[in-house]
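1. fold the following, please.
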Amino acid sequence: MKVLIPIVIGLVVVGCGPGPSIHEAAAEGNIKRVKQHLVEGVDVNAKFKDGWTPLHMAAEGGHREIVDLLIAKGADINATAGAGDGVGWTPLHEAAEEGHKKVVELLILKGADINVKNGDGRTPLDLAFKHKNAEIADILRKHGGKKSGELKAEKETPSKGEDKTSPSIVLEAKAPDTLAAQLVALSPGINEIKVEHDGRSRRLIITAPKTFSRQNLYPILFCFHGAGGKADGPSKRWSPHTDKRDLIVISAEAVQPLAKWNFRDKFHAEEHDDVGFILKVVEALVGSRLADPKTIYATGHSSGGLFCYRLAKEVAVFAALSPMSCGMVKGAHDPDEKTKFVPILQVIGDQDKSFNGSSNPKVTMYSAAKRIDVWRKFNRCGPDPVVIEKGKEIMVYTYASQSGIEVVLCKVKDQGHIIRRDLRDIADSVALDFLLKHKNTK
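-> Below is the predicted model:
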């Protein structure tokens with residue numbers, strides 16, 4: 001399975017001056033910065049570690065305008081990565097795996113090789129089937145996309161005229177079921193279900209360990225995607241931990257196409273009851289005797305991290321939370337008299353746009369130091385942290401109360417909004433160790 005390749009500092013020379021590299025800008029959807037790099041003469045096909053190009057990054061992130069721009073500027077539409085877990089991956093592989101319909105359609109329109117195989121021998125259609133994305137599979141089929149097994153069969157039996165391809169996958173066999181009924185029917189591995197809440201259909205990807213048994217209660221990890229994302233990305237990031245940690249991972253999806261979590265009322269043009277949605281799922285998990293109510297946790301990236309801060313303030317169901325690569329909204333996220341004591345671990349790069357705080361007419365974000373201080377004081381933690389180094393680039397500052405509540409800052413050196421994969425993996429392990437040692441006593 002392909003791994004996410006986050007982008008960091010410009011050691012591979014991909015542009016001058018401050019700000020994100022062309023790869024990071026493409027991954028984040030920062031079209032203004034991408035254009036600036038191109039004006040400065042940066043190679044549109046500049047390769048990062050393991051051969052990833054800006055087009056790979058934009059395709060993976062679902063940033064259609066940037067994909068279109070890069071192709072117009074001469075990007076190699078069939079560029080392949082050359083090392084690591086991503087050998088042979090093209091931008092179309094990226095877009096197909098992530099489920100970015102508009103990017104897939106654009107790449108096909110611009111002439112992408114629809115049946116190219118990656119280093120594992122998989123075509124884009126193989127990836128669509130693997131991730132049960134019927135919409136992407138149908139688009140690829142429409143334009144001649146085939147699975148690797150079909151291509152092999154054609155090669156071995158060229159005289160057979162008809163293409164006996166497999167039918168499109170069906171995603172919703174359980175549509176009539178209630179949430180509780182769908183949870184009761186969970187099986188080991190990946191389960192995808194739809195939930196009706198507040199007049200909207202919401203999507204959950206639930207991954208249970210291979211040893212999953214209805215006789216056990218499990219720790220639950222909710223993970224929330226960033227703005228513009230879907231449930232697939234966090235699911236792929238966190239699901240590998242299900243077997244290692246014997247827990248259930250639930251990747252929840254914000255209402256599409258807005259795809260942003262309601263971390264503060266009256267902030268987005270559309271408002272959705274995301275808090276109520278998550279509480280509804282928690283109630284069903286506990287009622288179905290799947291979840292241990294003392295071990296329910298949450299983490300989220302960017303918009304999803306901001307949503308974690310809202311949950312920390314407003315609800316009492318989480319044993320601990322770990323917001324990542326995000327700010328904290330002054331006023332909206334400050335704990336109050338209704339907030340319960342709750343452990344919090346913030347993961348953030350010291351070059352993240354929200355590390356030093358920010359302010360605009362709509363919202364003021366606390367700096368990382370200030371938000372830790374706010375929660376430290378609320379949770380009655382001491383002022384002197386225990387400091388642990390995780391290699392040369394990760395520092396973990398732990399503030400503890402006498403009752404065992406902890407507030408932790410996990411700072412990643414020289415990293416921006418997207419943390420380099422190896423460092424992100426370390427930070428994820430730190431976060432999981434932190435979360436799973438805390439239990440909800442309320």
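2. by mean pLDDT, which helix or strand of this structure comes out lowest?
-> One helix or strand of the chain scores below all others by mean pLDDT, DSSP states H and E: helix 148-156, with a mean of 77.
3. give me the secondary structure label for Gln215.
-> Secondary structure state of Gln215, per DSSP: H, G, I helix; E, B strand; the rest coil, is coil.
4. got it, and the one 4 residues further on?
-> Assigned with three-state DSSP, Pro219 falls in the strand class.
5. my guess is it contacts Lys437. True?
-> No. Checked against CB atoms under 8 Å, the pair Pro219 and Lys437 is beyond contact range at 10.8 Å. To be clear about C-beta, it is placed using only N, CA and C from the backbone, and glycine gets the same treatment.
6. those two: which has the busier surroundings?
-> Legend: neighbour count by other CB atoms under 10 Å for Pro219 and Lys437, higher for Pro219 (20 against 12).
7. residues touching that one, list them.
-> By CB atoms under 8 Å, 6 or more residues apart in numbering, the contact set of Pro219 is 245-248, 291-292, 295-297, 436.
8. okay, stretch 424-442 in CSV with CA atoms only?
-> The C-alpha coordinates for stretch 424-442 follow below in CSV (Å, rounded to 0.1, in the frame of the first residue of the first chain):
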residue,chain,number,x,y,z
ARG,A,424,4.9,12.0,11.7
ASP,A,425,5.0,8.2,12.4
ILE,A,426,7.0,8.9,15.5
ALA,A,427,4.6,11.6,16.6
ASP,A,428,1.7,9.3,15.9
SER,A,429,3.2,6.6,18.2
VAL,A,430,3.8,9.2,20.9
ALA,A,431,0.2,10.3,20.6
LEU,A,432,-1.2,6.8,20.8
ASP,A,433,1.0,6.0,23.8
PHE,A,434,-0.4,9.1,25.5
LEU,A,435,-4.0,8.5,24.6
LEU,A,436,-4.3,4.8,25.5
LYS,A,437,-2.8,5.3,29.0
HIS,A,438,-5.6,7.6,30.0
LYS,A,439,-9.1,6.5,31.0
ASN,A,440,-12.3,8.5,31.4
THR,A,441,-13.4,8.6,35.0
LYS,A,442,-16.5,10.8,34.4
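9. only the buried residues of that stretch, if you could.
-> Across stretch 424-442, burial judged by 16 or more other CB atoms under 10 Å covers 424, 426-428, 430-432, 434-436, 438, 440.
10. want to throw those residues into a markdown table with distance to Tyr366, pLDDT and secondary structure?
-> Shown next, in a markdown table, are the buried residues of stretch 424-442 (distance: CB to CB, whole Å; pLDDT from 0 to 100; DSSP: H, G, I helix; E, B strand; the rest coil):
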| residue | distance to Tyr366 | pLDDT | secondary structure |
| --- | --- | --- | --- |
| Arg424 | 23 | 95 | helix |
| Ile426 | 25 | 97 | helix |
| Ala427 | 20 | 97 | helix |
| Asp428 | 23 | 97 | helix |
| Val430 | 22 | 98 | helix |
| Ala431 | 20 | 98 | helix |
| Leu432 | 25 | 98 | helix |
| Phe434 | 20 | 98 | helix |
| Leu435 | 22 | 98 | helix |
| Leu436 | 27 | 98 | helix |
| His438 | 23 | 97 | coil |
| Asn440 | 25 | 92 | coil |
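11. let's see which of the contacts of Pro219 end up in strands.
-> 248, 291-292, 295-297 (DSSP state E).
12. would a markdown table of those residues with distance to Asp352, neighbour count and pLDDT be doable?
-> Output for the ones in strands among the contacts of Pro219, formatted as a markdown table (distance: CB to CB, whole Å; neighbours: other CB atoms under 10 Å; pLDDT from 0 to 100):
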| residue | distance to Asp352 | neighbour count | pLDDT |
| --- | --- | --- | --- |
| Ile248 | 29 | 25 | 98 |
| Ala291 | 32 | 24 | 95 |
| Asp292 | 33 | 18 | 94 |
| Thr295 | 29 | 20 | 98 |
| Ile296 | 27 | 26 | 98 |
| Tyr297 | 22 | 24 | 98 |
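13. from these, which is closest to Arg420?
-> Distances from Arg420 to the ones in strands among the contacts of Pro219, taken as CB to CB, are shortest for Tyr297 (24.2 Å).
14. spatially nearest residue to that closest one, not counting backbone neighbours?
-> Leu435 (4.3 Å; CB to CB, 6 or more residues apart in numbering).
15. I appreciate the help and will end here.
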